[in-house]
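Visitor: I would like to see how this sequence folds:
(chains A and B)
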Amino acid sequence: MDQIEVTLVILGMAAVTYLSRVFPFFTKIDVQKYTFLKFIPVAIFSSLAMPDLMGVGGVHVSRMVAAVIAVVVAYKTRGMFLTVFMAVFILYLIEKLEVF
Amino acid sequence: MSEFKMALKHSIPIVLGYLPVSMAFGVIAANYIGSNSVLMSALVFAGASQFAALQLFILSSSAIFIVFTTFLINLRHILMSSFLNTYHKNLGKLKKVAIAFGITDETFAIASNGLKDLTRDLENSNAPNTSNTSNASKAPFSPFKYQFTLNSVSYLSWVFGTFLGFVAGSMIPEEILNVLPFTLTALFLYLLVINISGKRDIGIALIAGAISVMLAGIAIGWNIFIATLVACFVGSKIERRVKHGSD
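Guide: Numbers count the residues shown, from 1 in each chain, chains lettered A, B, ... in the order given. Just a heads-up that it's a prediction; the model follows:
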């Protein structure tokens, strides 16, 4: 594929991606009456995070340990920055020191 | 704190997560699609689908297949935009068009939480008993300003990171570059914990997480879409049963 074709494919990708993002803002369907919408955050956050911790091959041990610490820090402190910082720092230490 | 400052503060974890991921994308993509890598980040702005498309470009897939795959991967944004629209439903068309472009997993994550907190604070400050007008802000809280700032900062870091990766290769040591994307995972975990109230939510999270993991190797993007729909469906069934039970 030459670079002009690649550019055209990217334009197509941009169009279909934007479609999914913009459609719900303009639909006449009253999303408010669909009570299941309120469960979306919990469900999405879990579906986004879990595949990063375990895959088809099994559990990523170092990431799982960092994740457990993140959950505990989040629960105890309710602090976003502290949670994110601790998680990344612990993961860095584990990988640097080759604990697992 | 103004919407603008609040959004700037809330976007820090996103920027920290986006920069290394987009740089990695820029480094890899530069070898195959050249400056089109920056164009892709600027126009598509959706990480998972960009990496998938890059892989398909490398494998010389057909144009239609790449576009269709992108569509499937990014279909999950319908759920996020639907949810966020509950805060933005009264906006004008142009403003909706503008914020829709910046809805990603991460901006959704921060905004769904931030808008909930900020609109609740607003309700509290408008309560009749706290009629202390001296320090009450005159302008009402604007969900648009908050969302637009958050989206813009995230977008700029994504495009800028891609550009950095494209021109300079990786300047950050590899061991740091390797762990920084975990920022985003930690962010999702934090928001998950914050949003869970009660056993029902834990159940929903477990169902969604399990389905997402099981389908992750099969269909990228779809795993999140299907897992979320099924878990939400189960959640509303449980709620209905509990309500009927207590009648």
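
Visitor: Buried residues, stretch B:28-45. List them.
Guide: Neighbour-count burial for stretch B:28-45, counted by 16 or more other C-beta atoms under 10 Å in any protein chain shown, picks out B:28-30, B:33, B:36-41, B:43-45. Just so you know, the C-beta spots here come from the backbone N, C-alpha and C atoms, and that holds for glycine as well.

Visitor: ok, those residues vs B:Phe188, which is closest?
Guide: Comparing the buried residues of stretch B:28-45 against B:Phe188 with C-beta to C-beta places B:Phe45 closest, at 18.4 Å.

Visitor: before we move on, the earlier item: overlap between the buried residues of stretch B:28-45 and the residues near chain A?
Guide: Counting by C-beta under 8 Å from any C-beta of the partner chain, B:33, B:36, B:39-40, B:43-45 from the buried residues of stretch B:28-45 sit close to chain A.

Visitor: Relative to A:Arg21, which of those is nearest.
Guide: A:Arg21 lies nearest to B:Phe45 out of those, by C-beta to C-beta, at 9.3 Å.

Visitor: Quick check: which helices or strands does the one helix or strand in chain B whose mean pLDDT sits lowest pack against?
Guide: The helix or strand with the lowest mean pLDDT-type score in chain B, counting by mean pLDDT, DSSP states H and E, is helix B:174-179 (a mean of 77). With contacts taken as 3 or more C-beta pairs under 8 Å, 6 or more residues apart in numbering or on different chains; DSSP states H and E, helix B:174-179 sits against helix A:80-97, helix B:12-33.

Visitor: Can you get me a residue count around residue 9?
Guide: Unless you meant another one, I'm taking chain A. Residues lying near A:Val9 (other C-beta atoms under 10 Å in any protein chain shown) number 25.

Visitor: Can you look at chain B instead?
Guide: B:Lys9, neighbours per other C-beta under 10 Å, totals 14.

Visitor: Relative to chain A, how far out is B:Val38?
Guide: As judged by C-beta to the nearest C-beta, to the nearest Å, B:Val38 and chain A stand 10 Å apart.

Visitor: so that residue is in which element?
Guide: Element membership of B:Val38 [criterion: DSSP states H and E] is helix B:36-43.

Visitor: so where's the chain uncertain?
Guide: Just going to use chain A. A:30-33, A:56 (pLDDT under 70).

Visitor: let's do chain B instead
Guide: Flagging of chain B using pLDDT under 70 yields the residue ranges B:122-139, B:170-172, B:245-247.

Visitor: if you set the cut-off to 50 instead, what comes out?
Guide: B:129-137, B:247 (pLDDT under 50).

Visitor: What lies in contact with the least confident helix or strand of chain B?
Guide: The contact list for helix B:174-179, computed with C-beta atoms under 8 Å, 6 or more residues apart in numbering or on different chains, reads A:88, A:91-92, A:95-96, B:20, B:23-24, B:170.

Visitor: what does stretch A:19-28 give?
Guide: A:31, B:71, B:74-78, B:80-82, B:85, B:88, B:93, B:96-97, B:99-101, B:103.

Visitor: For B:Leu118, list the residues it contacts.
Guide: Neighbour list for B:Leu118: B:3, B:6, B:141, B:143, B:146 [criterion: C-beta under 8 Å, 6+ apart].

Visitor: And chain B, what are its domain boundaries?
Guide: The record's domain parsing of chain B by automatic domain parsing lists B:3-180, B:196-247.

Visitor: Determine how far the last residue of the first one lies from the first.
Guide: To tie it back to what came earlier, the one meant is domain B:3-180. 27 Å (C-alpha to C-alpha, to the nearest Å).

Visitor: tell me how far that domain is from the chain's mean position?
Guide: Computed by C-alpha atoms, centre = their mean, to the nearest Å, the chain-centroid distance of domain B:3-180 equals 6 Å.

Visitor: Can you confirm whether stretch B:155-163 lies near chain A?
Guide: No. Stretch B:155-163 stays clear of chain A (C-beta under 8 Å from any C-beta), getting no nearer than 12.4 Å.

Visitor: Can I get that stretch as PDB, trimmed to CA atoms?
Guide: Extracted in PDB, the C-alpha atoms of stretch B:155-163 (Å, rounded to 0.1, in the frame of the first residue of the first chain):
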ATOM      1  CA  TYR B 155      -5.600  14.800  22.700                       C
ATOM      2  CA  LEU B 156      -2.600  17.100  22.600                       C
ATOM      3  CA  SER B 157      -0.500  14.700  24.700                       C
ATOM      4  CA  TRP B 158      -1.500  11.800  22.400                       C
ATOM      5  CA  VAL B 159      -0.600  13.600  19.200                       C
ATOM      6  CA  PHE B 160       2.500  15.200  20.700                       C
ATOM      7  CA  GLY B 161       3.700  11.800  22.000                       C
ATOM      8  CA  THR B 162       3.300  10.300  18.600                       C
ATOM      9  CA  PHE B 163       5.200  13.100  17.000                       C
END
